[in-house]
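Undergrad: Pasting the sequence and the predicted model now:
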Amino acid sequence: MPIVQRILSAFSAPKPEPLPEPDAKLALGALMVRVAKSDDSYRVEEIQRIDRTLARANGIGPIEAAKMRATCERLEALAPDTKSFAALIRETVSHEGRLDTLRALWQVLQADGLERPEELSVINATCAALGLSEDDNAAARAAASVPKD
């Protein structure tokens, strides 16, 4: 196809659906995606962990969870910083819910069996932005080491 036709067909291509306004559930998903991608290696184990967590947390099936993750991936790509997502969670979720969020992030980090400094950096920044302590972070890390599913 000549370049002019490709350019013209790009203008007539269907536009992607607009992203929903982030809420605490989408923010959690976007943070999990951010942790998984922070080491420039988005592994299948991490994707599977994110999908299982989204399904369990939202009472949805695997297909809906994968669609939700895809939305979270788009949100994560457009979000300026981790603090924005964490603030959304901090302002709308109980302390226990924020601890659950931190545990979910640790589970994603541990999903591929590798612990990289970039991932730790995202988790530590998120912990602080969630208003949680270092003790909370250590407890969430330990709890994440025990598989729940």
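TA: Everything's here; your move. Numbers count the residues shown, from 1 in each chain.
Undergrad: make it CA atoms for all contacts and neighbour counts henceforth
TA: OK.
Undergrad: in what helix or strand does the residue nearest the centre of the chain lie?
TA: Nearest to the mean C-alpha position of the chain, counting by C-alpha atoms, centre = their mean, stands Met32 at 2.4 Å. Assigned by DSSP states H and E, Met32 belongs to helix 24-37.
Undergrad: Rounded mean pLDDT for the following helix or strand past that helix, please.
TA: As assigned by DSSP H and E, the chain's next helix or strand after helix 24-37 is helix 44-58. Across helix 44-58, the average pLDDT comes to 95.
Undergrad: just checking, what packs against the helix or strand that helix 44-58 is followed by?
TA: Per DSSP H and E, the first helix or strand lying C-terminal to helix 44-58 is helix 62-78. Helices and strands touching helix 62-78, as assessed by 3 or more C-alpha pairs under 8 Å, 6 or more residues apart in numbering; DSSP states H and E, comprise helix 24-37, helix 44-58.
Undergrad: mean confidence score for the shortest one?
TA: Regarding helix 24-37, the rounded mean pLDDT is 92.
Undergrad: what does that helix rub up against?
TA: 42-43, 46-47, 50, 54, 58, 68-69, 71-73, 75-76, 82, 85-86, 88-89, 92-93, 101, 104-105, 108-109, 119, 122-123 (C-alpha atoms under 8 Å, 6 or more residues apart in numbering).
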